[in-house]
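Engineer: coordinates only, sequence not included:
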């Protein structure tokens with residue numbers, strides 16, 4: 001399989017590079033065009049055995065999708081940069097021993113999810129990008145981590161001798 005993939009890629013790649021480079025150059029800046037060209041060629045390499053007999057239209061579609069991914073990524077980075085610029089220079093997460101203890105009791109991955117969400121103010125999609133997971137997985141893991149943190153904080157408060165009010169309740 002690997003040899004046939006290599007043969008097919010070497011057969012078609014030389015005829016694709018310049019047309020795809022021109023296609024991208026007309027749609028984006030030179031740096032992005034080169035990055036997207038590299039990503040497009042990587043997809044072609046991975047799927048070389050699936051390339052149609054006339055590969056250029058298929059490769060244009062791949063390049064178009066790769067360019068859209070690059071543009072979405074750039075927009076996310078701009079939003080995060082804007083949020084960071086809006087924060088005061090001395091902004092730090094609040095110090096709370098109970099919170100720190102509860103975070104320390106979580107798995108490292110769970111604590112990192114919560115820090116990215118609460119302190120860095122990232123959305124689940126952005127957290128997914130940071131951690132290399134899907135936005136859906138980030139959202140699910142964040143929900144679970146928030147529940148665990150909440151449970152640990154509640155247990156810690158209960159262990160510290162705090163009692164809930166029973167006012168208005170029957171014994």
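Structural biologist: Looks like it arrived, so ask away. Note that the coordinates shown come from a computational prediction; the quantities given were computed from them, not determined experimentally.
Engineer: So, low pLDDT: which residues of the chain?
Structural biologist: Counting by pLDDT under 70, the ranges of the chain that qualify are 1, 80-81, 83-96, 156-171.
Engineer: domain parsing for it?
Structural biologist: According to automatic domain parsing, the chain comprises the domains 2-86, 97-159.
Engineer: Generate a markdown table for the ones you listed, with mean neighbour count as supplementary columns.
Structural biologist: Every C-beta, even on glycine, is put in place using the N, C-alpha and C of the backbone. Output for the domains of the chain, formatted as a markdown table (neighbours: other C-beta atoms under 10 Å):
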| stretch | mean neighbour count |
| --- | --- |
| domain 2-86 | 15 |
| domain 97-159 | 15 |
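Engineer: Could you pick out the longest helix of this protein?
Structural biologist: helix 55-86 (DSSP state H).
Engineer: What's the first helix or strand after that one?
Structural biologist: helix 97-105 (DSSP states H and E).
Engineer: for residue 62, what are its contacts?
Structural biologist: Contact analysis of residue 62 by C-beta atoms under 8 Å, 6 or more residues apart in numbering lists 40, 43-44.
Engineer: Lovely, talk soon.
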